[in-house]
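*Asks:* The following block contains a protein sequence and its predicted model.
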Amino acid sequence: MNKEFATFAAGCFWGVEETFRQLPGVISTRVGYTGGHTENPTYEDVCYSNTGHAEALEVTFDPTQIGYEKLLEVFWSNHNPTTFNRQGPDVGSQYRSAIFYHSPEQKTLAEASKQKLQDSGKFGEKKVVTELAEATTFYPAEEYHQQYFAKRGGGACHF
């Protein structure tokens, strides 16, 4: 089986995971923390101290069944990429909009899709503030955060 990884941050990771988990071609998902400087952070660390990490989702997908471009479309359509360090009522750098690319091709596709969204006028004069950064260490969140809505019901944190 072919598999690749994609990592996205779009606010509260519970709803983001639920959205991506249901896509055909997605093999698995896990929520966690990335993009910061603290090793092995906990949820409390990310929420209450300056770790630099974002709540993020790592997607394992089969590129023969779903392309990275489709994952980008889903990412853009499921959060507000014009709010800096915020999604809905969730405020802080851990809730920032970010794409953590795993290859030069992903970087190119992410840059192009971000520019296309900005040029589309969908958000009027608002600037798309989504961070694009190379994927680094991904720290899985605690087990009770994994597939949170599937275990407890619900399906969205915001938007």
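*Replies:* Cool, got the structure.
*Asks:* so who does residue 56 touch?
*Replies:* 7, 8, 9, 13, 31, 32, 33, 34, 35, 98, 100, 138 (Cβ atoms under 8 Å, 6 or more residues apart in numbering). For the C-beta atoms, the positions are set from N, CA and C on the backbone; glycine is no exception.
*Asks:* Name all residues that make contact with residue 141.
*Replies:* Contacts for residue 141 (Cβ under 8 Å, 6+ apart) come out as 13, 30, 31, 32, 33, 43, 55.
*Asks:* Out of those residues, which comes closest to residue 1?
*Replies:* Of all these, residue 1 sits closest to residue 30, with 17.6 Å by Cβ to Cβ.
*Asks:* For the closest one, grab phi and psi.
*Replies:* In terms of degrees, to the nearest 10, the main-chain angles of residue 30 are phi -150, psi 140.
*Asks:* could you dump stretch 47-60 to PDB, C-alpha only?
*Replies:* Taking Å, rounded to 0.1, in the frame of the first residue of the first chain, the C-alpha atoms of stretch 47-60 are listed here in PDB:
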ATOM      1  CA  CYS A  47      -2.400  25.300  26.400                       C
ATOM      2  CA  TYR A  48      -0.800  27.000  29.300                       C
ATOM      3  CA  SER A  49       2.900  27.700  28.500                       C
ATOM      4  CA  ASN A  50       4.900  29.000  25.600                       C
ATOM      5  CA  THR A  51       5.800  25.700  23.800                       C
ATOM      6  CA  GLY A  52       5.400  27.200  20.300                       C
ATOM      7  CA  HIS A  53       3.400  24.100  19.300                       C
ATOM      8  CA  ALA A  54       0.100  24.100  17.400                       C
ATOM      9  CA  GLU A  55      -2.700  21.600  18.000                       C
ATOM     10  CA  ALA A  56      -2.300  19.600  14.800                       C
ATOM     11  CA  LEU A  57      -3.500  16.600  12.800                       C
ATOM     12  CA  GLU A  58      -1.200  14.100  11.100                       C
ATOM     13  CA  VAL A  59      -3.000  12.300   8.200                       C
ATOM     14  CA  THR A  60      -1.700   9.100   6.700                       C
END
